[in-house]
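In: Let's see this in three dimensions:
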Amino acid sequence: MDPIIKADSVVYPTLQVPDLEVQEKFLIHFGMHVVEKTADILYMRGEGPQPFIHVTRRGDQKFIGAAYAALSMADLEKISKSDSFGDIEEMTSPGGGFRSSAVDPNGIGVDVVFGIEPRETESDLMPIEVNVGGIGEENFRRINQTKRFQKGAYPRIKRFGHYGINVLDVPASRDWYHAHLGIIASDILKPPPADDDCPIVGIFARLARGAKPADHHCVFWLPAEELSNGKPGLNHVSYEMVNIDDVFMGHEVLKRKGYQAEWGVGRHYQGSQIFDYWRSPFMQIHEHQTDGDVFDNTMPPQIVDVSADGDPEVPEMVSSQWGTGISETFGDERGL
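Out: Next up, the predicted model:
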């Protein structure tokens, strides 16, 4: 069955915490800038043209949901007329725009937005040339130029990249997001022998943008039963950095400020990103990442055997190609 619409991007997550001042301080150290703040809501941006990429509401700690951008006003109108989504509302957040909202089968919010006005950017988001290695002078791209960064500078965030959620039913979540937003699987995780009879224990899924490349995943569904005592909610939110230096600079800043490191620095298998995960003061996991895979419509979904079984010769396929191994507390119920 064809989806109702095909979303074009994932735009921002919305979290809720009891203290916006503490959240603001963490997000500044994480690499964001305050756009607007009231007694009840905080909007933060990165270096890119999006007017905001992170929303926090004041209240009891929880993950409210995430927003996807429609390709057109016609698509927004179309999704608003479906059974799951509500009437179109005018947005009062920075950049304006319009929104239709729903709640997925896990009780997690999903907004579809259109017409948010971009901001003018002051930052140069072009990465510094890299001498990529290999053999031969033909690989030298930066000649007679040095790399120098301000010691202690905060990391630079390009945009919101993806999020992971612990869900009640992974296949049912996939079906709902595909039916409404056109989201498709990139990697389907199964225990050995990873055949048709094996259950699905996780799915990395991406936007269906046709021949236009899309990030390896915009959302990652994991089983709440195993990770968060059966409670659906946030696993992590992830932000693409301007370049690899910002990942490591962010690690140094957050370590120096005394935040809790969760996992990294390393390079993933699924998605290939260089990553670094940190807990906010409210235990919600935030990721810095860069150099991820992008797929177009010629890439079929892959079935991934997630086993490692303690054998050092067998890679942990949902862990890291290099760097630290996944922590025992990753994505647990503390950050829901």
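In: So which residue is dead centre in this structure?
Out: Computing the C-alpha centroid of the chain and ranking residues by Cα atoms, centre = their mean puts residue 162 first, at 1.9 Å.
In: Check whether that one really touches residue 12, as I assumed.
Out: No - between residue 162 and residue 12 there is no contact under Cβ atoms under 8 Å: 11.7 Å. C-beta coordinates here come from the backbone N, C-alpha and C atoms, glycine included.
In: quick one: low-confidence parts of the protein?
Out: 123-124, 127, 136-137, 308-319 (pLDDT under 70).
In: which strand of it spans the most residues?
Out: In the chain, with assignment by DSSP state E, the single longest strand is strand 157-167.
In: Using PDB, list the CA coordinates for it.
Out: Output in PDB follows, covering the C-alpha atoms of strand 157-167 (Å, rounded to 0.1, in the frame of the first residue of the first chain):
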ATOM      1  CA  ILE A 157      26.100  21.300  15.300                       C
ATOM      2  CA  LYS A 158      24.900  21.200  11.700                       C
ATOM      3  CA  ARG A 159      21.400  19.800  12.100                       C
ATOM      4  CA  PHE A 160      19.100  17.300  13.800                       C
ATOM      5  CA  GLY A 161      20.000  13.900  12.400                       C
ATOM      6  CA  HIS A 162      17.800  11.100  13.900                       C
ATOM      7  CA  TYR A 163      16.300   9.700  17.000                       C
ATOM      8  CA  GLY A 164      15.900   6.300  18.600                       C
ATOM      9  CA  ILE A 165      12.800   5.200  20.500                       C
ATOM     10  CA  ASN A 166      12.000   2.100  22.600                       C
ATOM     11  CA  VAL A 167       8.700   0.800  21.300                       C
END
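In: what packs against the helix or strand that that strand is followed by?
Out: Along the chain past strand 157-167, the next helix or strand (assigned with DSSP states H and E) turns out to be helix 170-181. Packing partners of helix 170-181 (3 or more Cβ pairs under 8 Å, 6 or more residues apart in numbering; DSSP states H and E): strand 109-114, strand 202-206, strand 219-223.
In: Which among the ones you listed is found nearest to residue 264?
Out: Smallest distance to residue 264 across the helices and strands packed on helix 170-181 (Cβ to Cβ): 15.9 Å, for strand 219-223.
In: other SSEs contacting the closest one?
Out: Strand 219-223 sits against strand 157-167, helix 170-181, strand 202-206, with contacts defined as 3+ Cβ pairs under 8 Å, 6+ apart.
In: moving C-terminal of it, what's the next helix or strand?
Out: According to DSSP H and E, the helix or strand after strand 219-223 is helix 224-227.
In: Next, the buried residues of that following helix.
Out: 224, 227 (16 or more other Cβ atoms under 10 Å).
In: From the chain's centroid, how far away is it?
Out: 19 Å (Cα atoms, centre = their mean, to the nearest Å).
In: Which other helices and strands does it contact?
Out: strand 157-167.
In: who are the neighbours of the strand it packs on, in terms of helices and strands?
Out: Using 3+ Cβ pairs under 8 Å, 6+ apart: strand 157-167 touches strand 9-17, strand 219-223, helix 224-227, strand 233-241, strand 285-290.
In: Between these, which one is closest to residue 104.
Out: Here strand 219-223 is closest among the helices and strands packed on strand 157-167 (Cβ to Cβ), at 10.1 Å.
In: can you give me the helices in the stretch 1-150 of the chain?
Out: 20-30, 73-80 (DSSP state H, counting those that start in this stretch).
In: Tell me which of those sits nearest to residue 147.
Out: The nearest among the helices of the stretch 1-150 of the chain, by Cβ to Cβ, is helix 20-30 at 22.6 Å.
In: The closest one vs strand 285-290, what angle?
Out: 20 degrees (axes from the mean of the first three to the mean of the last three Cα atoms, to 10 degrees).
In: what comes up buried for helix 20-30?
Out: Using 16+ other Cβ under 10 Å as the test for burial, helix 20-30 gives 20, 23-24, 26-27, 29-30.
In: That helix to strand 9-17, inter-axis angle?
Out: Using the same axes, to 10 degrees: helix 20-30 against strand 9-17 is 140 degrees.
In: List the neighbours of helix 20-30 that are in contact with it.
Out: Contact partners of helix 20-30, identified using Cβ atoms under 8 Å, 6 or more residues apart in numbering, comprise 15, 17, 34, 37, 39-42, 44, 54, 56, 58, 154-155, 157, 239, 250, 253-254, 257, 259, 278, 280-282, 286, 288.
In: Mind listing the strands the longest strand of the chain pairs with, and their directions?
Out: strand 219-223 (parallel), strand 233-241 (antiparallel) (DSSP bridges).
In: closest one to residue 142 among the ones you listed?
Out: Comparing those under Cβ to Cβ, the one sitting nearest is strand 233-241, at 19.0 Å.
In: thinking again about what came up before, could you tell me how far the residue nearest to the centre of the chain is located from residue 54?
Out: Going from residue 162 to residue 54 by Cβ to Cβ, to the nearest Å gives 13 Å.
In: Kindly report the same for residue 184.
Out: Taken as Cβ to Cβ, the span from residue 184 to residue 54 is 26 Å.
In: Residue 325 too?
Out: 28 Å.
In: what about those two, which has more around it?
Out: residue 54 (24 against 11; other Cβ atoms under 10 Å).
In: Show me how far stretch 194-206 is from its chain's centre.
Out: Worked out by Cα atoms, centre = their mean, stretch 194-206 lies 20 Å from the chain centre.
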